[in-house]
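Visitor: Output the structure for:
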Amino acid sequence: MTDIIIERLQGADFKTLFEFELENRAYFEEMVPNRGDDYYNFDIFKLKNKSLMDEQDQGLSYFYLIKDKEGLILGRMNVVDIDKSTGLGHIGYRVGKAHTGKGIANRALNLLLENTPLLGIRQILAKTTTNNIASQKVLEKSGFQYVASDDEQFKMNGQLLSFVYYRWEK
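Guide: Just a heads-up that it's a prediction; the model follows:
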């Protein structure tokens, strides 16, 4: 079992985060809609992530890197669209292909949930796709409750999928 930490995104991480995203692009795009080719241009990547850090500085979103004790990026986790008046945020996460099946997403999510009071977050919404069973299991194991599945379907990678929604409350 790998010991992990979660750290807020910093400019010093951009290069290694970019390499992590490039290395895992095909794997991630099996489960989530792709981010477009522009995202994989380093200059654009830096601009997008600087913008994310501005949101983070304003407390509108939080962007974390999941790392091992040596500082290797294993994944990332984001809480976005935070409504400070209700304490509601939306979560997303991804773990690199070489690090799946080791409980990393679950441990990282639990580390984040332990810190939600410090962030002013009392409830979190999550969504995943019907084919992403691993993500559904992580959410359920971390105390998220199933809310609903979309009736609408979309095609991704030749499969008809829909979104599955979850909620967590402190």
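Visitor: Show the contacting residues for residue 108.
Guide: 4, 6, 64, 66, 75, 77, 93, 95 (Cβ atoms under 8 Å, 6 or more residues apart in numbering). From N, CA and C alone the C-beta is placed, and that goes for glycine too.
Visitor: give me every residue that touches the fourth one.
Guide: Think residue 66. Applying Cβ under 8 Å, 6+ apart, the residues near residue 66 are 4-6, 73-77, 93, 95, 104-105, 108.
Visitor: One more: the second one?
Guide: For residue 6, the residues meeting the contact criterion (Cβ under 8 Å, 6+ apart) are 64-67, 77, 108, 111-112.
Visitor: can you check the first one too?
Guide: Shown here is residue 4, whose contacts under the criterion Cβ under 8 Å, 6+ apart are 66-69, 74, 104, 107-108, 111.
Visitor: same thing with the third one?
Guide: By Cβ under 8 Å, 6+ apart, the contact set of residue 64 is 6-9, 76-78, 108, 112.
Visitor: Identify the residues contacting the longest strand seen in the chain?
Guide: For the chain, the longest strand by residue count, based on DSSP state E, is strand 73-83. Residues outside strand 73-83 that contact it (Cβ under 8 Å, 6+ apart): 2, 4, 6, 9, 13, 16-17, 20, 55, 59-68, 88-96, 99, 104-105, 108-109, 112, 119-121, 124.
Visitor: Tell me which entries of those residues lie within strands.
Guide: Checked against DSSP E, the contacts of strand 73-83 include these in strands: 4, 6, 62-68, 88-95, 124.
Visitor: who does the helix or strand of the chain with the lowest mean pLDDT touch, helix- and strand-wise?
Guide: Least confident helix or strand, the chain: strand 154-156 with a mean of 84, by mean pLDDT, DSSP states H and E. On a contact count with 3 or more Cβ pairs under 8 Å, 6 or more residues apart in numbering; DSSP states H and E, strand 154-156 meets strand 159-161.
Visitor: Would you pull up how far the strand it packs on lies from the middle of the chain?
Guide: 21 Å (Cα atoms, centre = their mean, to the nearest Å).
Visitor: which is the next helix or strand following that strand?
Guide: strand 163-169 (DSSP states H and E).
Visitor: okay, now residue 160: neighbour count?
Guide: 10 (other Cβ atoms under 10 Å).
Visitor: now swap in residue 70 and tell me
Guide: Around residue 70 there are 7 residues (other Cβ under 10 Å).
Visitor: Please report the distance of the residue nearest to residue 10 when sequence neighbours are not counted from residue 123.
Guide: With sequence-adjacent residues excluded and distances taken as Cβ to Cβ, 6 or more residues apart in numbering, residue 10 is closest to residue 53, at 7.6 Å. According to Cβ to Cβ, to the nearest Å, residue 53 stands 24 Å off from residue 123.
Visitor: Nothing else from me, thank you.
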